[in-house]
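Undergrad: Generate coordinates for the sequence data below:
(one chain, ligands or ions: 2)
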Amino acid sequence: MASLPETIARILRTNPDALIACHVAPDGDCLGASLALAMACERAGVRAVVGSADGVPETYRYLHGSDRIITTPPDHQFSVGVAMECSSLERAGTFAEALTRCSTLINIDHHLSNAGYGNIVYWDTSAAAVGEQVYGIIQAMGTQITPEIAQCLLAAIVTDTGSFRYPNTSPKTLRLAADLVDAGASVHTVVERVYETRSAASLRLIGRALNNLTISADGRIAWTVITPEVLRETGALPEDTTGIVGMLRQVRGVKVALLFEVTPAGIRVGIRSRDAARANVIAETFGGGGHKGAAGFTMPGPLEDVIARTLAAVEKELAGV
Ligand code: AMP
Ligand code: MN
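TA: Ligands and ions are numbered 1, 2, ... in the order given. Take a look at the predicted model:
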């Protein structure tokens, strides 16, 4: 029997075109994996378009093909749709409807919860990055891993493992990364672009967020808030909040870190945890999802209610660990 990567490779190769959609607020894994898959499709003679409802953060605009990512869903009906690490179809934002119009919908994900939508569900929670899964699909397609494809896949793996620092980094992850470096990719390039380059405004934003740090639950929860006013005053962009919640988790003794962002879509809550505390379980309480150590959800305000309800859910999770 064909494996899932083989089945997906066959579907992609035998169809005329594919729409590959990222999740809202796309990260390096989602963008890198989507662009790599699109390039492999094009090499196989399949027209592929990558869509991202929230565009491409500046950090990832160096990735090959990122300038061709569309932000408005197409009218054209694609034969294959690929939802890239969208735990539910709604995570594709404005592209969700275009995906449902595709004749075949493929759901590729590595988060701990997935709604199981689509004709083909390739859900592998052991993959450190969805880029690992896409690497297997591209190999099954028999397409050459060009330096550009390798760089996109490496960006996916480096960013979702926090530069090989998170517990999801497996021997397989490191071997895949080494293969990608052999194929022409560079870890240094990813690290330089993603972690070593920032705007001055984003550093001012970090300063404001860290200055407002609150410690609760006997030192086990660290949290802070970012409002539109703070973004305006610092000149930072919404995407500049990336990475801040991970900094809060660094506080000695903290088990769960929370970032509350007031956005037009509601209060976006980023969660990072360590040791036995499960970020995904906290997020699922409010209809979100993610991984054990990193998860999130969005819910309507007011902010004070969201903070109170979230802190209560975190304390419940901490009581059980
Ligand atoms: P973030 O805090 O945006 O970096 O997200 C951390 C992790 O949680 C990522 O793997 C996201 O894909 C996931 N995540 C964030 N928000 C949601 C949500 N509303 N539903 C499902 N997964 C989410
Ligand atoms: Mn991912």
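Undergrad: ok, V190 - contacts?
TA: Neighbouring residues of V190 by CB atoms under 8 Å, 6 or more residues apart in numbering: 28, 151, 154-155, 158-159. For every residue, glycine as well, the C-beta is placed using N, CA and C.
Undergrad: out of the residues you listed, which is most surrounded?
TA: Neighbour counts for those peak at A155, which has 31 neighbours (criterion: other CB atoms under 10 Å).
Undergrad: pretty sure it contacts Y60?
TA: Yes - with contact defined as CB atoms under 8 Å, A155 reaches Y60; the gap is 7.3 Å.
Undergrad: what comes up buried for stretch 197-210?
TA: Judged by neighbour count (16 or more other CB atoms under 10 Å), stretch 197-210 contains these buried residues: 198, 202, 204-206, 208-209.
Undergrad: That stretch near ligand 1 at all?
TA: No - on the criterion CB under 6 Å from any ligand atom, stretch 197-210 is out of touch with ligand 1, staying 13.6 Å away.
Undergrad: The stretch 151-300 of the chain: helices as residue ranges?
TA: Along the stretch 151-300 of the chain, counting by DSSP state H, counting those that start in this stretch, helices occupy 171-182, 187-194, 200-211, 228-234, 244-248, 279-285.
Undergrad: picking up where we left off before, please enumerate the shared neighbours of A155 and Y60.
TA: 28, 31-32, 194.
Undergrad: rewinding a little: hey, which of the helices of the stretch 151-300 of the chain is tucked in deepest?
TA: helix 279-285 (a mean of 23; mean count of other CB atoms under 10 Å).
Undergrad: so what secondary structure elements neighbour it?
TA: strand 266-273, strand 289-290, strand 294-299, helix 303-319 (3 or more CB pairs under 8 Å, 6 or more residues apart in numbering; DSSP states H and E).
Undergrad: buried set for the last one?
TA: The reference is to helix 303-319. Quick answer for helix 303-319 (16+ other CB under 10 Å): 306-307, 310-311, 313-314, 317-318.
Undergrad: Check pLDDT for the shared contacts of A155 and Y60 and point me to the minimum.
TA: Within the set of the shared contacts of A155 and Y60, pLDDT is lowest for V194 (95).
Undergrad: got a list of what it touches?
TA: Applying CB under 8 Å, 6+ apart, the residues contacting V194 are 28, 59-60, 155, 158-159.
Undergrad: and which of the buried residues of stretch 197-210 is nearest ligand 1?
TA: Among these, A209 lies closest to ligand 1 (CB to the nearest ligand atom), at 13.6 Å.
Undergrad: Distance check, E85 against ligand 1.
TA: 6 Å (CB to the nearest ligand atom, to the nearest Å).
Undergrad: whoops, T143 was the one
TA: 27 Å.
Undergrad: before we move on, back to that, now, the most widely separated pair of the contacts of V190?
TA: Q151 and T159 (12.3 Å; CB to CB).
Undergrad: tell me which parts of the stretch 201-321 of the chain are close to ligand 1?
TA: Neighbours of ligand 1 within the stretch 201-321 of the chain, by CB under 6 Å from any ligand atom: 270, 288-291, 294-298.
Undergrad: now swap in the stretch 1-150 of the chain and tell me
TA: Taking CB under 6 Å from any ligand atom as the contact definition, the stretch 1-150 of the chain meets ligand 1 at 23, 25, 87, 91, 111.
Undergrad: Check these and tell me the two furthest apart.
TA: It's A25 and H111 that sit farthest apart of these, by CB to CB, at 14.0 Å.
Undergrad: the more surrounded of these two?
TA: Taking neighbours as other CB under 10 Å, A25 and H111 compare with A25 leading, 24 against 21.
Undergrad: Sweet, I'm off.
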